[in-house]
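Asker: attaching a predicted model along with its sequence, questions to come.
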Amino acid sequence: MKVLEKVGNKYVIETKTCLHCKKTGTVKILTRELFYIRQGYHIQDAVKSLDKPGREQLISGIHGNCWEEMFGVFEH
């Protein structure tokens, strides 16, 4: 996880390389969420501003649409 920039009260985070499309991506998370991650909280507990696909991208790098191509629709 690499912080690219701060935009307002959010940080733009570069995610890992996707196993499916081989590209990186970005997600935006709140300042306090980045703090919680750096304190060791689990992503699902620290980052409430992202939906499940967004949190999965933050964890594994797999984009939501790539996940659907590989495994089917995300259960929300």
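Answerer: That came through, no problem. All figures in this text were calculated on a predicted structure; none of them were measured in a lab. Residues are numbered from 1 along each chain as shown.
Asker: how about the spatially most central residue of the chain, what does it touch?
Answerer: Closest to where the C-alpha atoms of the chain average out (C-alpha atoms, centre = their mean) is residue 58, at 2.4 Å. Applying C-beta atoms under 8 Å, 6 or more residues apart in numbering, one finds that residue 58 lies in contact with 1, 13, 15, 27, 29, 43, 47, 50. C-beta here means a position set from N, CA and C on the backbone, and glycine is covered the same way.
Asker: do residue 27 as well
Answerer: Applying C-beta under 8 Å, 6+ apart, the residues near residue 27 are 12-13, 15, 50, 54, 57-58.
Asker: residue 15 now?
Answerer: 1, 24-27, 57-58, 61.
Asker: so which of the residues you listed are in helices?
Answerer: Applying DSSP state H to those, the entries found in helices are 57-58.
Asker: just the buried members of the contacts of residue 15?
Answerer: 25, 27, 57-58, 61 (16 or more other C-beta atoms under 10 Å).
Asker: need the max-distance pair from the residues you listed.
Answerer: 27 and 61 (10.4 Å; C-beta to C-beta).
Asker: if we look at the helix or strand containing residue 66, which residues are touching it?
Answerer: Residue 66 belongs to helix 64-71 when elements are defined using DSSP states H and E. Helix 64-71 is contacted by residues 18-21, 53-54, 56-57, 62, 74 when judged by C-beta under 8 Å, 6+ apart.
Asker: rounded mean pLDDT for it, please.
Answerer: Per-residue pLDDT values over helix 64-71 give a mean of 94.
Asker: buried residues, it. List them.
Answerer: 64, 66-67.
Asker: return the closest of these with respect to residue 8.
Answerer: Nearest to residue 8 among those: residue 64, at 23.2 Å, using C-beta to C-beta.
Asker: how much space between the closest one and residue 46?
Answerer: Distance of residue 64 to residue 46, given as C-beta to C-beta, to the nearest Å: 19 Å.
Asker: quick one: low-confidence parts of the chain?
Answerer: Residues of the chain meeting the criterion pLDDT under 70: 74-76.
Asker: quick one, strands of it?
Answerer: For the chain, the strands defined by DSSP state E cover 2-7, 10-14, 26-30.
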